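**Q** Fold the following.
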Amino acid sequence: MSTWMRANKGFLMFLLLFGVFRTAVADWNPIPSASMRPNLLEGDVVFVNRLAFNLKVPLTDIVLQRLGEPQRGDIVTFSSPKDGTRLIKRIIALPGDTVEMRNEQLVINGQPAQYTALDTAPETIAHVGQLTAQRINERNPTEQHRIQVLPQMTGAARSFAPVTVPTDHFLMLGDNRDNSADSRYFGFVPRALLIGKAERILVSANIQEHWQPRLQRFGMKLE
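**A** Next up is the predicted model:
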């Protein structure tokens with residue numbers, strides 16, 4: 001074994017440095033579900049800047065230094081406070097914000113978000129069938145982005161009472177509001193569980209069409 005290690009020390013050093021790079025500097029994240037539609041699709045692979053917010057000890061959630069402040073509207077990867085699963089959602093509310101949802105409408109610090117209908121698209125839900133998604137532009141005082149809702153979906157959490165986000169915590173929602181397990185289900189996300197900021201789509205393939213490349217999405221910057 002020691003002879004093999006000496007003979008391959010260059011390759012082993014590369015693997016070590018590559019592992020440190022992926023766990024501390026930059027990473028990529030495949031999109032496995034529809035929770036961020038219409039902005040992220042299953043089969044997208046996004047570039048994640050792990051140095052956007054924190055410098056961490058590799059392979060841990062120990063923060064060595066804060067490098068930047070998360071902003072409302074950022075798409076981020078993080079470890080679920082419920083079970084540690086890596087998730088990707090959008091930051092909707094910051095520490096100190098008071099936020100509520102009234103039948104799909106967000107109200108942040110007393111200011112209701114503004115909505116403009118865009119278009120519709122079919123979406124197939126497992127064990128439910130094909131529904132019609134209404135795509136909407138959601139605008140608040142600091143940013144805007146597209147979301148979608150599924151009016152025919154039963155059991156969706158379309159309302160919640162006012163809550164105030166604690167210090168060093170964030171409220172996350174998926175852009176596919178009626179088909180996303182997010183802070184409505186697992187609560188606020190501590191800053192230490194943030195992994196990084198998703199900045200653009202590296203590559204994309206349609207998993208329902210034999211992994212055909214979606215070339216128009218390659219390199220697309222996230223809104």
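
**Q** Where do the helices of the protein begin and end?
**A** 2-7, 9-24, 183-186 (DSSP state H).

**Q** Could you check the shortest one and say which residues are buried?
**A** Just to be clear, that refers to helix 183-186. Residues of helix 183-186 classed as buried by neighbour count (16 or more other Cβ atoms under 10 Å): 183, 184. Any C-beta I mention is one placed from the backbone N, CA and C, and that applies to glycine too.

**Q** picking up where we left off before, worst average pLDDT in the helices of the chain?
**A** Confidence, taken as mean pLDDT, is least for helix 9-24 of the helices of the chain (a mean of 43).

**Q** pLDDT below threshold where in this protein?
**A** 1-26 (pLDDT under 70).

**Q** again, only this time at 90
**A** 1-28, 55-64, 124-129, 141, 154-155, 207-211, 223 (pLDDT under 90).

**Q** Report how many residues lie close to the closest residue in space to residue 104 that isn't next to it in sequence.
**A** Nearest residue to residue 104, sequence neighbours excluded (Cβ to Cβ, 6 or more residues apart in numbering): residue 158, at 5.1 Å. As a burial measure, residue 158 scores 16 neighbours (other Cβ atoms under 10 Å).

**Q** ok, the residue lying closest to residue 82 once chain neighbours are set aside - contacts?
**A** With Cβ to Cβ, 6+ apart as the criterion, residue 82 has its nearest non-adjacent residue at 4.1 Å, and that residue is residue 186. Neighbour list for residue 186: 80, 81, 82 [criterion: Cβ atoms under 8 Å, 6 or more residues apart in numbering].

**Q** List buried residues within these.
**A** Buried among these by 16+ other Cβ under 10 Å: 80, 81.

**Q** Look up phi and psi at residue 180.
**A** With angles defined as degrees, to the nearest 10, residue 180 sits at phi -150, psi 130.

**Q** For it, list the residues it contacts.
**A** 35, 36, 89, 173, 174.

**Q** 6 Å instead, please
**A** Applying Cβ atoms under 6 Å, 6 or more residues apart in numbering, we find residue 180 in contact with 35, 174.
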